[in-house]
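**Student:** sequence unknown, structure follows:
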């Protein structure tokens, strides 16, 4: 493997694109200076850019090699790191995949390795944020019977939420709209899909929605033990970045 | 009265119960059903006092025939009284659940007419949820002391967790402040629940569709600071509750003055005490400590200055420093500042390479307190010398308390302590 300080790979931002870039890196026997998303790049003159053509077949081979030869857990870690908001996640993933083939099945126990540690941290942070959203998502009942919610997460948590809400709500249709990454999870009662969208829909809520909001705010206000008031503790467990979409944190009308 | 007014009154009456846990159950959703339980539990919001809100915690009614002195709902107290109907509770729960406000229902009740009558009301509300709405989310119900065994059995088949509050840490206190409740009326349902849980687990091994009885186990709560028991008697009591009744949790609720009895304190005891009890409780359940190691006749109360684990370590400096690369898991777990997660990480990583202090740092293991108690490959952290006179003040300065010599147990806890003691999730 050559460390190529002069080459930067550009990919399309998809997981398949990133795995194709990993495939190319292995087949060229080189480690690029960086792997970046092509739409975010201001090209400079002293660097060579290599445009990675997303190839699902190559991506599948990488994915398959990791899940078969190393472990499903390792592929999960790669996927969740990819979803994370860590700035240089692409290079961390590339280094981690190298470690996977070096250490084999024991890779996830080598927590003291810089890159294994970084991947485990990133993957855990996505798991944790998704776990928080399992609690902090608030659905509005729309007049057409769909339950709609907006979230502003750091990482792209939607794939980590599908199974939880699908199992929980069964035949109840719902939408979870990630307005930061412009993705929307739609579940029609049988199947769930995530699609990209720039539009934030204007929704009409059902007739008793306001009533339930009021009841919930009333409950939230009342459940506090006033003599133990401790806003700092609340902020530790429920940081302010989650507040904007919480029904109980909206100022009452 | 509107549902909104009822909700306000019956939430206000229920909120002094500390438990709001939604973990431990793996109840699955059914066809055409709604909801499931999440094994690790989910917090849906946090109230402004920093407590997790995961369940819709309400009373069925706050009309009460009992007169327990520490309780806000005692019949001699002048508060507004009301009662939900079973249908109202079920509709509220489903409405909240569908909007993802809550993880399930925590239904308790004051004692109306008789213990049996109250239990029947609770059962009727929960049956509507489970049978009419096919609700499979988490339900925690309180058992009423003195209710018949047959009703406890019926309720247990509907809910995920059951609890019966032990209320006060000794029989004398109970007789004094809750004369209508007896030790027997509290302990016998606990015993029954334990027996039925074991039986149901055995049946489930044999029959695939055997009904599960209280899959998330039982819990209890006691009020501390209202009566004169020491931390030692409280922790010994908890230990025996865990061992005898397979209790999942014992909750400690620092007494909040709501009573008028002149034998009860008029000011609330420091919340720090409650926090220290929770820390000791965790040591019993997850860290392999025995009550006798934490508290004895010389130290009948937990230290205000340092946490119980650190206090234990300072009294057993002979067992330290612990070599990270060789010590067994149980010993690593006893190092102050190293928790279950960190200890497991260490055990995992050291199978493949010798760990140094920089490795531990990279593994995000906090060295703030652990550094005084461990060695890596024989090296101490920055050649620190392990000596009690040296460490104790260091620990105290970390805890935000200055001047070791000036401290005594009688000192008021500082503001910092109070804030710190509140940052623990209850």
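**Tutor:** Done, it's in. Please read these numbers as outputs of a predicted model, since none were measured by experiment.
**Student:** which residues in the chain form strands?
**Tutor:** Assuming you mean chain A. For chain A, the strands defined by DSSP state E cover A:2-3, A:7-11, A:30-31, A:34-37, A:48-51, A:140-141, A:147-151, A:174-178, A:183-187, A:192-196.
**Student:** my question was about chain B
**Tutor:** Going by DSSP E, chain B shows strands at B:45-46, B:52-53, B:55-59, B:104-108, B:138-142, B:161-163, B:218-224, B:249-254, B:322-323, B:374-376, B:379-380.
**Student:** Turn the ones you listed into JSON lines, including mean pLDDT and distance to residue B:7.
**Tutor:** Every C-beta, even on glycine, is put in place using the N, C-alpha and C of the backbone. Shown next, in JSON lines, are the strands of chain B (pLDDT from 0 to 100; distance: least, Cβ to Cβ, whole Å):
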{"stretch": "strand B:45-46", "mean pLDDT": "94", "distance to residue B:7": "16"}
{"stretch": "strand B:52-53", "mean pLDDT": "93", "distance to residue B:7": "14"}
{"stretch": "strand B:55-59", "mean pLDDT": "95", "distance to residue B:7": "7"}
{"stretch": "strand B:104-108", "mean pLDDT": "95", "distance to residue B:7": "13"}
{"stretch": "strand B:138-142", "mean pLDDT": "95", "distance to residue B:7": "18"}
{"stretch": "strand B:161-163", "mean pLDDT": "94", "distance to residue B:7": "22"}
{"stretch": "strand B:218-224", "mean pLDDT": "92", "distance to residue B:7": "23"}
{"stretch": "strand B:249-254", "mean pLDDT": "92", "distance to residue B:7": "22"}
{"stretch": "strand B:322-323", "mean pLDDT": "93", "distance to residue B:7": "52"}
{"stretch": "strand B:374-376", "mean pLDDT": "91", "distance to residue B:7": "52"}
{"stretch": "strand B:379-380", "mean pLDDT": "85", "distance to residue B:7": "58"}
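**Student:** Find the residue at the geometric middle of chain B.
**Tutor:** What sits nearest the mean C-alpha location of chain B, by Cα atoms, centre = their mean, is residue B:251, with 3.5 Å.
**Student:** for that residue, which residues make a bridge with it?
**Tutor:** On the basis of DSSP bridges, residue B:251 is bridged to residue B:221.
**Student:** if I read this right, it contacts residue B:219, doesn't it?
**Tutor:** Yes - using Cβ atoms under 8 Å, residue B:251 is in contact with residue B:219, at 6.6 Å.
**Student:** joint contacts of these two?
**Tutor:** Residues touching both residue B:251 and residue B:219 (Cβ atoms under 8 Å, 6 or more residues apart in numbering or on different chains) are residue B:19.
**Student:** was I right about residue A:76 contacting residue A:122?
**Tutor:** No - Residue A:76 is not in contact with residue A:122 according to Cβ under 8 Å; the separation is 12.0 Å.
**Student:** who's more crowded, these two?
**Tutor:** Using other Cβ atoms under 10 Å in any protein chain shown, the more surrounded residue of residue A:76 and residue A:122 is residue A:122, with 24 against 15.
**Student:** which ones are touching the more buried one?
**Tutor:** Residue A:122 makes contact with A:80, A:81, A:84, A:86, A:89, A:92 under the criterion Cβ under 8 Å, 6+ apart.
**Student:** Could you list which of the residues you listed belong to helices?
**Tutor:** Taking DSSP state H, the ones among these that sit in helices are A:80, A:81, A:89, A:92.
**Student:** and the spatially closest residue to residue A:123 that is not a sequence neighbour, how many neighbours?
**Tutor:** Nearest non-adjacent residue to residue A:123, counting by Cβ to Cβ, 6 or more residues apart in numbering or on different chains: residue A:80, 3.9 Å away. Residues near residue A:80, counting by other Cβ under 10 Å, number 23.
**Student:** I'd say residue A:80 and residue A:128 touch.
**Tutor:** No - using Cβ under 8 Å, residue A:80 makes no contact with residue A:128, being 10.5 Å away.
**Student:** the helices in the stretch 201-350 of chain B, which residues?
**Tutor:** B:231-245, B:271-286, B:291-294, B:308-315, B:329-332, B:340-349 (DSSP state H, counting those that start in this stretch).
**Student:** got TSV for the strands of chain A, with mean pLDDT and mean neighbour count too?
**Tutor:** TSV is the format used below for the strands of chain A (pLDDT from 0 to 100; neighbours: other Cβ atoms under 10 Å in any protein chain shown):
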stretch	mean pLDDT	mean neighbour count
strand A:2-3	84	10
strand A:7-11	93	22
strand A:30-31	94	17
strand A:34-37	92	18
strand A:48-51	91	12
strand A:140-141	95	20
strand A:147-151	95	21
strand A:174-178	96	22
strand A:183-187	95	20
strand A:192-196	93	12
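**Student:** Can you redo those strands as TSV, where the extra columns are distance to residue A:231?
**Tutor:** Below are the strands of chain A laid out as TSV (distance: least, Cβ to Cβ, whole Å):
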stretch	distance to residue A:231
strand A:2-3	50
strand A:7-11	44
strand A:30-31	48
strand A:34-37	39
strand A:48-51	49
strand A:140-141	27
strand A:147-151	23
strand A:174-178	28
strand A:183-187	32
strand A:192-196	35
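**Student:** before we move on, the earlier item: need the contact list for the residue nearest to the centre of chain B.
**Tutor:** B:17, B:18, B:19, B:219, B:220, B:221, B:222, B:426.
**Student:** Now tabulate those residues in CSV and tack on neighbour count.
**Tutor:** CSV is the format used below for those (neighbours: other Cβ atoms under 10 Å in any protein chain shown):
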residue, neighbour count
B:17, 18
B:18, 22
B:19, 24
B:219, 22
B:220, 20
B:221, 20
B:222, 25
B:426, 21
